[in-house]
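Colleague: got a predicted structure here, sequence first:
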Amino acid sequence: MKFSYYPGCTLKTQAKDLDRYARLSAAALGVDMEEIKEWQCCGAVYPLAKDEIGVKLSAVRALDYAKHEDGLLLTLCSACHNVIKRVNDDMRNDADINLRANNYLALDEKYNGETKVVHYLEMLRDYVGFDNIKKAVKNPIKKKIGAYYGCLLLRPGKVMAFDNPENPTIIEDFITAIGGTPVKYPFRNECCGAYVKLVNPDLTERKSKKVLENAKENGAEIVITACPLCYYNLKQTPCEDMEVVYFTELLAEALGVKD
Amino acid sequence: MQRIGVFICHCGSNIAATVDVERVTEALAKEPGVVYAVNYQYMCSENGQQLIKNAIAEHRLTGIVVCSCSPRMHEATFRKTAEAAGLNAYMVEIANIREQCSWIHKDIEEATEKAIVLARTAVAKILLDKPLTAGETGVTKRALVIGGGIAGIQAALDIADAGYEVDIVEKRPTIGGRMAQLDKTFPTLDCSACILTPKMVDCAQSDKINIFSYSEVEEVKGFVGNFDVKIRKKARHVDETKCTGCGVCMASCPSKKGLNEFNMNLNNRPAIYIPFAQAIPNVAIIDPEQCLKLKSDKCGLCQRKCGVGAIDYKQEDSFVERKYGAIVVATGFRPIKLDNFNEFGYADNKDVVTSLELERLMNAAGPTKGTLLRPSDGKHPKVITFIQCVGSRDVSGCGKPYCSKICCMYTAKHAMLIREKYPDTEVHVFYIDIRTPGKNYDEFYRRAVEQYGVDYIKGMVGKVYNENGKLMVQGSDLLDNKQIVIPSDLVVLATAIEPDPSVRDIATKLTISIDTNDFLTEAHAKLRPVESPTAGVFLAGVCQGPKDVPETVSQASACASKVIGLLAKDKLKGNPCVSHVDENMCTGCSQCEQVCPYGAITYIDKEFRIGGGKTETRRVASVNPAVCQGCGACTVTCPSGAMDLYGFSSAQILKEVEAICKR
């Protein structure tokens, strides 16, 4: 099973663990993650502006690269996933953006959204299968684990088509697969405060605290996330007896490949 | 030699704005067989019809082609016109140049070309038309009503009032339906039971109405005027003819853990029970899933206690076969399941309830005897938050795309009743839009706001979560542009309604159509709103679309008047466009018999002369024209081409195809 892999900037700096454990786990599960060559910044939040074309181009380049490999682009960082998947949707469905992006890039063959963008969690669910993960688990994580989705994986629901944005279950299913007990708590898909941290750190802290406390009240011992920004905000928030880790770290631990 | 007249309708600008009717007229006038072609503004108007009649006489026409709207709209009209002018009603063909042409095209050139082709096609067909005479069948003077809620009850009472027999088939142990579960009804706040139970009693006492409770329609055969219906009377393990409804059995039953369906499972009932005090019939029923005697052959207490020997553990399902002239479908609704709406915490919090559950919590015959108490701890809720549109107007795919129509009004009712009875209670209502059109409806809602001080908040709720024993309702106040959290004691979900799931099976048995939301489709949204597309089957209540009690009663009465109109006839004209068999070509293969959805084809052994004074007996198909609906399935199946349809012969269809293809 081979995927073109797009790590993104944060996974090379702040969120090295997210990346490292993902690669170790993938190798253990027989998934070939081939980092694409000369990838550039996904564009961060800027591609979300409808009329901006320049900032969408690097996402299209990555998508076009994957198109010429196996047509599958694997992402891990929630933000990159959100940006690339939405740009891909634009290339499929927005004739104006498609035209302008293709005019700019002047590729040998026009890019029309052919690549399938797959998040690491979707790869685990749809390509490896949670049942197979269960079989591969060597050290079941026997803990009560709260899934924290944040917003970027789920919304906008129609484009991301990741899971039900109000009542997602994919991370809970993942937790079950690695031997944990999922704790469903109401705030698992609330906003962590995101970039507001820069201008109003108090507000972000309040939002993140609410998430952690809600998880704790419902009995969680660990909160896992797939998003470097959520991870950062949650980590910065003091909450006793609550561990925050990337989901890939627990996966690597369960598979016995954590170094 | 046929003499055909072609009549092209403008339909105001509906056709004429997109189709050049003059050019169509000119083109058709030159068609072989056509002796007269004319266009007119409204062909269906009295003047238009007169124009047709005059032309038939003046030009000695043998057939007419009307280029107008869909035949579903006015074929019958123009057939009558032709008949009045002395033509056979089946020497009329409609070319649909509106729905299938002018309405769907923008380009005049294209639309005109197509209109000409469609008209030529109709001419090609009519040249092979032969006069047909419709046969007659009798009418069974009895109606079947499927569903014993307020829709079925009203329809049955009205039909019975006109002197016809009616059978109500109700799958639950009692009639009454959803309305029996309601506490009060808007906009007048009458007690629901007080206005419903007299009607239920009327049904029971009418010598024209026969109630099959705890029964289901098993099989339907036949056609308008002559339906053969098999009804399954499910085993209730109690002899209906003996039970007096005294209730001794209920008191004696040791298995008391059954969920009380009538009270929306909010409390328990014994294994043998009468659904509610005013149930009709007032007869007990045993829940076989729960009864110790039926499950493990232990107990038998109720049988020993019953003074009239009505308990029969060995009772089995029985069947009744009856004939009916007309059928009313009134299968009703249920609130949707809330599995897709976990964000409102319904599954995890006892104090998050649906509106129908609240009806029971407020009803004097409900689990709390009419005192509003929280299900979790039996305390009075001090802050109650209502959430409207739970699953209604939902485009995410989790709920229903339609407006359930009744929720704005019943939520206003609930809010008002609570503020009236418990003035110290704070009541909030989250809404997307308030939709209260109708007589005295908007005034009703305004009373809730202005007189009763209910706090209406425009905005949707994101989630309901538990915090320190309070239900925190997190939503947005769109007018204030703020996210708000209301700590509440009770949360009420105005849950979307959907057709009762039994409607799918009923629709299949009756060959009536169903839409993407499982609502039954009426024959015409405006002009035939209570008829199904299948002759003799009528629709009442929520099975056809969301509606409240007043609307349901109106529709049920309208249904009844249609049924009475049908039953008042002694003979019904059949459809002469039925299939027939060429016995010389029939090989007796039975394929047509297998595909016929109406059971209209049987096989007979028939003697044929084969020359030389000899005969041979062959097995050939035989069509019952009274049962055949003219669907044509047999004609395309028959490998030897022996089956053909009157009015739609294979030769005619080939001529039509030819006319479309040739340029």
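Modeller: Arrived safely, thanks for sending. Residues are numbered from 1 along each chain as shown, chains lettered A, B, ... in the order given.
Colleague: just the helices from chain A, written as ranges.
Modeller: Ranges of helices in chain A, per DSSP state H, are A:16-28, A:57-68, A:78-93, A:95-105, A:120-122, A:130-136, A:157-160, A:170-177, A:201-217, A:228-235, A:247-255.
Colleague: in the second one, which residues are buried?
Modeller: Pointing back at helix A:57-68 there. Using 16 or more other CB atoms under 10 Å in any protein chain shown as the test for burial, helix A:57-68 gives A:L57, A:S58, A:A59, A:V60, A:R61, A:A62, A:L63, A:D64, A:Y65, A:A66, A:K67. Bear in mind the C-beta positions are built from the backbone N, C-alpha and C, glycine included.
Colleague: pretty sure the third one sits against A:Y46.
Modeller: Spelled out, that is A:A59. No. In this structure A:A59 lies outside contact range of A:Y46 using CB atoms under 8 Å: 10.3 Å.
Colleague: close to chain A: what parts of chain B are there?
Modeller: Neighbours of chain A within chain B, by CB under 8 Å from any CB of the partner chain: B:N340, B:F341, B:N342, B:E343, B:G345, B:S396, B:C398, B:K463, B:V464, B:Y465, B:N466, B:E467.
Colleague: could you look up the SS state of B:D167?
Modeller: strand (DSSP: H, G, I helix; E, B strand; the rest coil).
Colleague: B:A162 is nearest to which of the helices of chain A?
Modeller: helix A:157-160 (52.9 Å; CB to CB).
Colleague: what's the closest one in contact with?
Modeller: A:N82, A:K85, A:R86, A:D89, A:L153, A:L154, A:N164, A:P165, B:S396 (CB atoms under 8 Å, 6 or more residues apart in numbering or on different chains).
Colleague: which of those residues lies closest to B:T534?
Modeller: Of the contacts of helix A:157-160, the one sitting nearest to B:T534 (CB to CB) turns out to be B:S396, at 34.5 Å.
Colleague: possible to save the contacts of helix A:157-160 as a markdown table with neighbour count, distance to A:C230 and pLDDT?
Modeller: Formatted as a markdown table, the contacts of helix A:157-160 follow (neighbours: other CB atoms under 10 Å in any protein chain shown; distance: CB to CB, whole Å; pLDDT from 0 to 100):
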| residue | neighbour count | distance to A:C230 | pLDDT |
| --- | --- | --- | --- |
| A:N82 | 28 | 12 | 94 |
| A:K85 | 25 | 17 | 95 |
| A:R86 | 19 | 18 | 94 |
| A:D89 | 18 | 23 | 95 |
| A:L153 | 26 | 10 | 93 |
| A:L154 | 20 | 12 | 93 |
| A:N164 | 18 | 19 | 90 |
| A:P165 | 19 | 16 | 90 |
| B:S396 | 12 | 23 | 85 |
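Colleague: what about B:T385, distance to B:V492?
Modeller: To B:V492, B:T385 is 7 Å away according to CB to CB, to the nearest Å.
Colleague: list the buried ones in the helix or strand that contains B:K125?
Modeller: Assessed by DSSP states H and E, B:K125 sits inside helix B:108-126. Neighbour-count burial for helix B:108-126, counted by 16+ other CB under 10 Å, picks out B:111-126.
Colleague: repeat that for stretch B:68-76.
Modeller: B:S68, B:C69, B:P71, B:M73, B:H74, B:E75.
Colleague: again, but for stretch A:227-242
Modeller: Buried residues in stretch A:227-242 (16+ other CB under 10 Å): A:C227, A:P228, A:L229, A:C230, A:Y231, A:Y232, A:N233, A:L234, A:T237, A:C239, A:M242.
Colleague: and for the last one, nearest residue in space, chain neighbours not counted?
Modeller: If I follow you right, that is A:M242. Spatial nearest neighbour of A:M242, excluding adjacent residues (CB to CB, 6 or more residues apart in numbering or on different chains): A:L212 at 5.2 Å.
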